[in-house]
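Visitor: sequence-free structure coming up:
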């Protein structure tokens with residue numbers, strides 16, 4: 001790859017200064033040259049380098065996940081990527097709601113009917129052979145489309161046609177919304193431009209290729225595999241893609257330390273799931289063994305531990321410094337994400353008479369809606385044979401050709417607010433819940449969702465508002481809710497779970513939002529005692545987790561962290577919003593959905 005190499009990528013020129021942050025405190029401080037202060041200055045050059053590398057071999061590198069909202073920064077990066085591509089390289093955008101015929105290819109109905117024989121047409125994947133496909137809002141890509149894209153990346157074909165392409169997955173998600181791991185694992189680069197401003201885009205371009213590649217590595221693939229293991233990367237695609245990047249950076253020369261450092265920073269650091277373990281220091285009072293005497297004979301040097309490779313340590317330190325600060329914060333906090341929505345959710349009817357068409361199947365039009373185009377596609381390949389039997393009709397459709405639409409109804413979501421109405425701050429928490437319920441109900445007329453409210457105080461819990469879309473009913477039920485008394489947290493969780501299971505049996509999708517400070521002091525029996533009440537609350541939280549109901553825990557305590565143990569027991573997303581207003585709370589709930 002010396003002629004086109006990395007399109008001007010120089011490992012020595014683009015390698016960032018190697019910082020040595022402490023393993024116990026996350027990224028280095030701005031004074032040390034790391035942290036958030038200079039993150040954009042490091043991110044934008046790496047993003048440009050990734051764009052130049054991807055332009056040289058879209059299918060070999062798989063593509064890139066670009067996390068950024070619509071704006072000038074993202075468009076500047078896309079323009080740089082497109083400018084780096086060779087002239088004539090295909091560049092397509094994936095339309096929303098694309099069907100299998102348009103994506104993979106299929107029968108050209110008009111040409112088939114005109115010619116009297118099967119005429120196939122290429123799909124979007126085959127048309128983009130050798131180029132790139134831009135996927136807007138990739139975090140909301142349907143699982144079926146994501147699976148087809150992943151399969152085409154693996155095989156390089158689509159419907160027996162050559163389809164070797166790369167993906168640019170534009171991630172516009174908020175919070176925990178991410179691109180499907182099946183796709184993200186198959187692309188080499190993960191770029192987060194959310195903290196980059198337009199002023200950082202004026203940084204100098206990537207320098208020209210330098211023939212000096214640094215100290216050659218004896219086993220570059222082994223080094224990258226050991227780095228992947230230290231960072232908790234389980235998939236082998238990570239080190240394999242990093243090895244391809246190192247090979248591209250080194251061009252025709254040997255792979256040196258600088259190329260491995262840049263490859264690990266671009267590919268492995270964004271995939272890290274844990275911090276590298278610190279090296280064990282020798283004990284302070286360890287006895288020094290006496291030197292061997294001549295009478296003891298020769299010593300076995302093979303049992304001595306091998307000295308650490310300073311070049312590998314240097315690469316590891318550079319990768320530690322390149323781990324994004326927000327990822328490090330999340331790893332150190334040990335937060336648990338909500339599970340992403342999957343196809344076939346509980347309550348989704350197997351067959352529906354109304355809803356959005358998602359395909360077709362063979363069936364009787366008297367028991368469904370006829371799909372005319374799918375019927376004609378099924379009949380078209382047989383027209384020449386059927387006309388040969390003496391048939392005079394221009395199009396012969398038989399019973400086996402009939403196709404009916406598959407319709408999917410949108411699964412209704414019911415948000416069950418479980419509000420701690422005890423203590424002196426109850427009025428503030430109830431005001432937040434009231435505002436959030438009203439905001440969500442205002443949107444429910446469009447989304448056809450429902451909201452319920454469970455309040456717990458004193459010695460038990462109460463269903464204040466059954467699942468409803470009525471804004472008037474919600475205001476009437478919330479207006480007379482009193483506050484004060486003890487905190488029967490276990491009873492509140494049990495009541496919310498009972499409502500959620502009833503919602504699920506009715507065919508809707510329940511989500512529980514628990515607002516509490518986590519300081520339970522009333523047991524299920526109504527007796528006081530923090531120890532017993534806390535144990536019962538954790539038991540109720542584990543029961544909710546076993547039921548598989550998604551949940552969001554909002555800590556309303558003044559100091560926060562009080563309800564984290566409850567959130568961990570639920571496997572729920574945890575937010576600290578001691579002074580949240582109704583708009584912020586409503587936005588958090590929508591993000592959890």
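Guide: Structure received. Because the structure is predicted, anything quoted here is derived from the model rather than measured.

Visitor: contacts, neighbours, all on C-alpha from now
Guide: Fine.

Visitor: ok, which stretches of the stretch 1-150 of the chain are helices?
Guide: Using DSSP state H, counting those that start in this stretch, the helices of the stretch 1-150 of the chain run over residues 11-14, 39-56, 58-61, 72-84, 100-104, 109-115, 124-127, 143-155.

Visitor: which parts of the fourth one are buried?
Guide: Neighbour-count burial for helix 72-84, counted by 16 or more other CA atoms under 10 Å, picks out 73, 74, 77, 78, 80, 81, 82, 84.

Visitor: test my guess that the second one contacts residue 80.
Guide: No - contact between residue 74 and residue 80 fails when scored by CA atoms under 8 Å: they sit 9.9 Å apart.

Visitor: how close does residue 230 get to residue 258?
Guide: According to CA to CA, to the nearest Å, residue 230 and residue 258 sit 19 Å apart.

Visitor: which of those two has more residues huddled nearby?
Guide: residue 258 (28 against 16; other CA atoms under 10 Å).

Visitor: just the pLDDT for that one.
Guide: We have a pLDDT of 84 for residue 258.

Visitor: same question, the one 4 residues further on
Guide: At residue 262, the predicted lDDT confidence score is 87.

Visitor: what comes up buried for the helix or strand hosting it?
Guide: Under the criterion DSSP states H and E, the helix or strand holding residue 262 is helix 257-263. Neighbour counts over helix 257-263 (16+ other CA under 10 Å) mark 257, 258, 259, 260, 261, 262, 263 as buried.

Visitor: also stretch 520-531?
Guide: 520, 521, 522, 523, 524, 526, 528.

Visitor: isn't the first one up against residue 535?
Guide: What it means is residue 520. No - in this structure, residue 520 is not within contact of residue 535 by CA under 8 Å, at 9.1 Å.

Visitor: I'd like the buried residues of helix 72-84 written out as TSV, with distance to residue 502 and pLDDT added.
Guide: Below are the buried residues of helix 72-84 laid out as TSV (distance: CA to CA, whole Å; pLDDT from 0 to 100):
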residue	distance to residue 502	pLDDT
73	47	89
74	45	91
77	49	93
78	48	93
80	53	92
81	51	93
82	52	93
84	56	93
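
Visitor: would you map the helices across the stretch 151-300 of the chain?
Guide: 181-184, 220-230, 237-250, 257-263.

Visitor: likewise for the stretch 451-593 of the chain?
Guide: Under DSSP H, counting those that start in this stretch, the stretch 451-593 of the chain gives helices at 471-479, 489-505, 530-547, 564-570, 582-592.

Visitor: of those helices, which approaches residue 168 most closely?
Guide: helix 582-592 (23.7 Å; CA to CA).

Visitor: average pLDDT for that closest one?
Guide: In the prediction, helix 582-592 has an average pLDDT of 61.

Visitor: please apply the same query to stretch 494-510.
Guide: Stretch 494-510 comes out at a mean pLDDT of 89.

Visitor: need the residues that contact that stretch.
Guide: 346-349, 411-418, 454, 461-463, 511-512, 540, 544, 549-550 (CA atoms under 8 Å, 6 or more residues apart in numbering).

Visitor: one more pass at 6 Å, please.
Guide: Contacts to stretch 494-510, defined as CA atoms under 6 Å, 6 or more residues apart in numbering, come from residues 347, 412, 413, 414, 415.

Visitor: closest to residue 404 out of those residues?
Guide: residue 347 (22.6 Å).

Visitor: any idea which of the buried residues of stretch 520-531 is closest to residue 151?
Guide: Nearest member of these to residue 151, counting by CA to CA, is residue 520, at 49.9 Å.

Visitor: in contact with that closest one, which residues?
Guide: So residue 520 contacts 487, 488, 489, 533, 534 (CA under 6 Å, 6+ apart).

Visitor: and it, how far is that from residue 75?
Guide: Applying CA to CA, the value for residue 520 to residue 75 is 51 Å.

Visitor: and what of residue 369?
Guide: Where residue 75 is concerned, residue 369 sits at a distance of 43 Å (CA to CA).

Visitor: residue 140 too?
Guide: 20 Å.

Visitor: quickly list what residue 189 is bridged to.
Guide: Beta bridges link residue 189 to residue 64 when assigned by DSSP bridges.

Visitor: which pLDDT value goes with it?
Guide: 94.

Visitor: let me know how buried it is, in neighbour terms.
Guide: 33.

Visitor: so which of the helices of the stretch 451-593 of the chain comes closest to residue 43?
Guide: helix 582-592 (26.4 Å).

Visitor: ok so, going back, restricted to buried residues, select the contacts of stretch 494-510 in PyMOL.
Guide: A single PyMOL command selects the buried members of those (16+ other CA under 10 Å):
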select buried, resi 412+413+414+415
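
Visitor: now, which of the contacts of stretch 494-510 sits nearest residue 248?
Guide: For the contacts of stretch 494-510, the minimum distance to residue 248 (CA to CA) is 48.5 Å, reached by residue 413.

Visitor: excluding chain neighbours, give the residue nearest to the closest one in space.
Guide: Sequence neighbours aside, residue 509 is the residue nearest to residue 413 in space, at 4.6 Å (criterion: CA to CA, 6 or more residues apart in numbering).

Visitor: could you do residue 191 as well?
Guide: Nearest to residue 191 is residue 66, by CA to CA, 6+ apart, at 4.8 Å.

Visitor: perfect, I'm done here.
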